[in-house]
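Asker: okay, predicted coordinates and the sequence, questions at the end:
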Amino acid sequence: MCGIIGHIGTGNALETLLTGLENLEYRGYDSAGIAVQNGSGIAVQKRSGKVDELKNSIGDRHIEGNVGIGHTRWSTHGPPTDENAHPHTDDTADVAVVHNGIIENYADLKSWLRERGHEFTSDTDTEVIPHLIQYYLDAGMANEAAFRRAIDELEGSYAVTAMLDGEHVLYAARQGSPLVVGVEDDEFFLASDVPAFLEYTDTVVYLEDGDVAIVDEDGVEFTDLAGESITREPETVEWDPEQAGKGEYDHFMLKEIYEQPTSLAQAIEGRIDPENGRIALEDFPSGTFEGVGNVQLIACGTSYHAALYGSLALNQAGIRATALLANEYSVTAPPVDDETLVIAVTQSGETADTLNALRQATAAGADTLTVTNVVGSTAAREADDTLFIRAGPEIGVAATKTFSSQAVMLTLLAQRIAADTCGEPPADLTSLLPDLSRMPAQLESMLVTDDAARIADRYRDSQSYFFIGRGLGYPVALEGALKFKEITYEHAEGFASGELKHGPLALVTPNTPVFAVFTGDEDEKTLKNAEEAQTRGAPVIAICPDDHRAVEVADRHIAIPATDSELAGLFANVQLQLVSYHAANQLDRPIDKPRNLAKSVTVE
Ligand code: F6R
């Protein structure tokens with residue numbers, strides 16, 4: 001989820017590249033770089049930090065040429081340092097490459113290249129690509145053949161753009177990460193997102209998976225990886241450049257909700273082996289958690305709901321685990337012993353409350369692990385270990401895709417911890433993992449339905465909104481209510497469904513719709529609780545698969561796909577995100593920046 005820009009044209013590419021990088025910066029990047037054919041080789045300049053820091057670092061350096069590539073990075077392998085910023089080059093700096101995605105077999109490729117004398121200067125997976133291209137050039141292959149051969153070796157997802165010294169050509173390839181060509185007379189652009197070059201052209205050609213594009217001053221040739229010519233038709237995009245950061249969406253929040261098939265695919269990529277029922281979390285090989293006897297998960301807000309989800313998954317897997325509000329931890333922390341693992345769950349990695357709790361746990365002698373979206377964040381640096389959720393930048397203040405990715409990663413972590421401490425994975429991974437690998441595609445299909453929008457419209461004038469769930473549905477109910485109140489400013493509460501009758505039922509009226517989440521955890525009881533509210537006049541909206549018994553009982557229904565009970569709540573959560581979004585939109589709320597809230601809360 002980084003940003004790519006490339007340009008071949010008549011003028012100096014540098015300016016177009018820097019403008020393109022600035023256009024991509026809305027995505028919130030941590031380092032940037034460019035490479036330009038400078039007449040006497042490829043000039044590379046790169047820096048950690050924002051594009052402005054890259055610009056300052058260029059200063060008076062003479063970089064001029066009409067072919068170049070640029071990149072803004074969102075770290076997935078290695079912290080945001082100058083060395084890890086793209087473009088990456090081979091030993092001789094004859095090949096420069098920018099890349100989005102994850103190369104799953106980079107470690108194998110790296111050691112294979114090392115054995116053949118290649119030296120690496122970064123922690124990234126990307127750096128193997130220019131070295132591979134160089135290897136095949138040295139072996140006597142022509143430029144285009146060397147590029148194809150190197151790409152053919154890559155496993156994982158990628159959008160790659162490469163440039164070789166001495167020729168005015170850009171090579172591009174796509175597998176699982178977006179890449180688009182922009183065309184305007186004799187100017188050609190390559191980018192991960194249209195906004196990168198929208199002020200220069202609105203004529204675009206999207207690459208599809210398996211496509212290679214070869215761009216020179218005369219035009220673009222599209223082929224498959226084997227070199228067979230293919231046709232890709234140009235399209236005209238009708239976007240206002242001002243709005244372009246959000247693409248076709250009115251708000252970042254909606255864009256990020258719709259990004260979840262991609263962000264989840266990226267989270268699990270290379271980490272699960274559904275066929276053999278295995279989980280492989282890169283820094284946590286089998287045996288890592290052998291001594292763990294109990295787990296404390298610390299977090300705030302939405303991340304706390306993900307932590308609660310994780311703690312329940314751990315409990316169900318037979319591990320003693322508790323989710324704790326990080327801001328309460330200093331007064332309520334349970335005792336820590338040498339078997340305690342403390343997991344900080346924080347998408348930003350900068351939340352002051354969570355950092356304080358993490359420091360307290362470290363001081364008490366616990367082993368610590370951070371689950372976060374931000375490589376190089378304080379929580380990632382301070383914990384003993386880190387598990388990255390790879391959700392990509394989240395701009396909307398209301399967390400959406402990061403919750404889903406946190407919950408999925410904690411579910412996998414729970415199975416890994418349980419496997420180490422109990423000897424074998426307690427859940428049936430041959431059922432969970434195939435369902436997890438299907439999740440991105442199922443989410444994609446679910447996101448084209450309009451159930452959530454219709455329900456938001458139907459109940460738009462209600463007085464209060466209740467959300468109930470049991471087991472793994474409980475954190476989803478809490479999160480549904482938090483999202484709703486946060487962006488609509490309407491009153492919303494989440495409850496464990498069994499709690500409704502212990503007090504909240506007194507508030508129930510025909511004006512309090514009750515959203516009931518069914519995950520397969522004692523659904524009959526949840527249905528009974530929902531009926532108790534219904535008997536008092538409240539409309540019940542069941543969130544469950546189409547063939548669920550709750551559909552007959554409830555007043556309305558929002559459909560989710562049939563799946564493993566460990567995952568059902570995550571589909572329900574996405575539907576509830578959409579309900580909140582549409583309700584807030586009808587009320588004309590400032591959805592991406594709700595009043596009084598900030599994306600990262602760095603004060604206690
Ligand atoms: C709500 C939301 C917040 C955050 C909370 C913790 O939509 O985003 O509740 O979840 O402030 O933030 P992180 O995850 O950055 O620690």
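Answerer: Cool, the structure landed.
Asker: is it true that Q266 touches R390?
Answerer: Yes. Counting by CB atoms under 8 Å, Q266 does reach R390; the two are 4.7 Å apart. Where you see a C-beta, it was placed from the backbone N, CA and C, and this is true even at glycine.
Asker: neighbour-wise, which of these two wins?
Answerer: A count of neighbours by other CB atoms under 10 Å puts Q266 above the other of Q266 and R390, at 25 against 22.
Asker: how much space separates the most centrally placed residue in the chain from L254?
Answerer: The residue lying closest to the centre of the chain (CA atoms, centre = their mean) is A391, at 1.2 Å. To L254, A391 is 16 Å away according to CB to CB, to the nearest Å.
Asker: which of the helices or strands spans the spatially closest residue to N585 that is not a sequence neighbour?
Answerer: What sits nearest to N585 in space, not counting adjacent residues and going by CB to CB, 6 or more residues apart in numbering, is I591, at 6.6 Å. Assigned by DSSP states H and E, I591 belongs to no helix or strand.
Asker: can you check A379 too?
Answerer: When elements are assigned from DSSP H and E, A379 belongs to helix 378-382.
Asker: mean confidence (pLDDT) on that helix, please.
Answerer: Helix 378-382 carries an average pLDDT of 91.
Asker: what does it rub up against?
Answerer: The contact list for helix 378-382, computed with CB atoms under 8 Å, 6 or more residues apart in numbering, reads 79, 344, 346, 349-351, 354-355, 358-359, 362, 368, 370, 372, 374, 386, 388.
Asker: buried set for it?
Answerer: Residues of helix 378-382 classed as buried by neighbour count (16 or more other CB atoms under 10 Å): T378, A379, A380, E382.
Asker: touching the ligand at all, that helix?
Answerer: No. Taking CB under 6 Å from any ligand atom as the criterion, helix 378-382 and the ligand are apart, separated by no less than 7.8 Å.
Asker: then that helix to PDB, C-alphas only?
Answerer: Extracted in PDB, the C-alpha atoms of helix 378-382 (Å, rounded to 0.1, in the frame of the first residue of the first chain):
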ATOM      1  CA  THR A 378       7.000   3.700  19.400                       C
ATOM      2  CA  ALA A 379       5.100   0.600  20.500                       C
ATOM      3  CA  ALA A 380       6.800  -1.400  17.800                       C
ATOM      4  CA  ARG A 381      10.200  -0.200  18.900                       C
ATOM      5  CA  GLU A 382       9.600  -0.600  22.700                       C
END
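Asker: starting at the chain centroid, how far to that helix?
Answerer: 19 Å (CA atoms, centre = their mean, to the nearest Å).
Asker: what about the residue of the stretch 101-250 of the chain found nearest the ligand, how many residues nearby?
Answerer: Here the stretch 101-250 of the chain gets closest to the ligand at one residue, Y249, 17.6 Å apart by CB to the nearest ligand atom. The number of residues packed near Y249 is 15, by other CB under 10 Å.
Asker: also the one 10 residues further on?
Answerer: Applying other CB under 10 Å, we find 23 other residues in the vicinity of E259.
Asker: ok now do the nearest residue to the residue of the stretch 101-250 of the chain closest to the ligand once chain neighbours are set aside, which residues does it touch?
Answerer: Across the structure, with CB to CB, 6+ apart as the measure, the residue nearest Y249 apart from its sequence neighbours is K255 (4.0 Å). By CB under 8 Å, 6+ apart, the contact list for K255 reads K246, G247, Y249, G396.
Asker: got it, and F467?
Answerer: Counting by CB under 8 Å, 6+ apart, F467 makes contact with 476-478, 480-481, 484, 492-495, 514-515, 517, 576.
Asker: how about the secondary structure of it?
Answerer: Assigned by DSSP: H, G, I helix; E, B strand; the rest coil, the conformation of F467 is strand.
Asker: how far does the helix or strand harbouring L355 sit from the chain's center?
Answerer: Assigned by DSSP H and E, L355 belongs to helix 352-363. Centroid separation for helix 352-363 versus its chain: 25 Å, with CA atoms, centre = their mean.
Asker: quick one, the next helix or strand after it and helix 352-363 angle?
Answerer: With elements assigned by DSSP H and E, the helix or strand that comes after helix 352-363 is strand 367-372. If you take axes from the mean of the first three to the mean of the last three CA atoms, to 10 degrees, strand 367-372 sits at 160 degrees to helix 352-363.
Asker: for strand 367-372, name the packing helices and strands.
Answerer: If contacts are counted by 3 or more CB pairs under 8 Å, 6 or more residues apart in numbering; DSSP states H and E, strand 367-372 sits against strand 340-346, helix 352-363, helix 378-382, strand 385-388, helix 401-422.
Asker: most packed of these?
Answerer: Mean neighbour count (mean count of other CB atoms under 10 Å) peaks for strand 340-346 among these, with a mean of 28.
Asker: any stretches of the stretch 201-350 of the chain with poor pLDDT?
Answerer: 238-244 (pLDDT under 70).
Asker: which parts of it sit against the ligand?
Answerer: Listed as neighbours of the ligand in the stretch 201-350 of the chain under the rule CB under 6 Å from any ligand atom: C300, G301, T302, S303, T346, Q347, S348.
Asker: quick one: residues contacting the second one.
Answerer: Applying CB under 8 Å, 6+ apart to G301 gives the contacts A399, L482.
Asker: what do you get for the fifth one?
Answerer: T346 makes contact with A299, C300, S303, T354, T370, V371, T372, S377, A379, according to CB under 8 Å, 6+ apart.
Asker: mind doing that once more with 10 Å?
Answerer: 298-301, 303-304, 306-307, 326, 353-355, 357-358, 370-374, 377-380, 402, 406, 600 (CB atoms under 10 Å, 6 or more residues apart in numbering).
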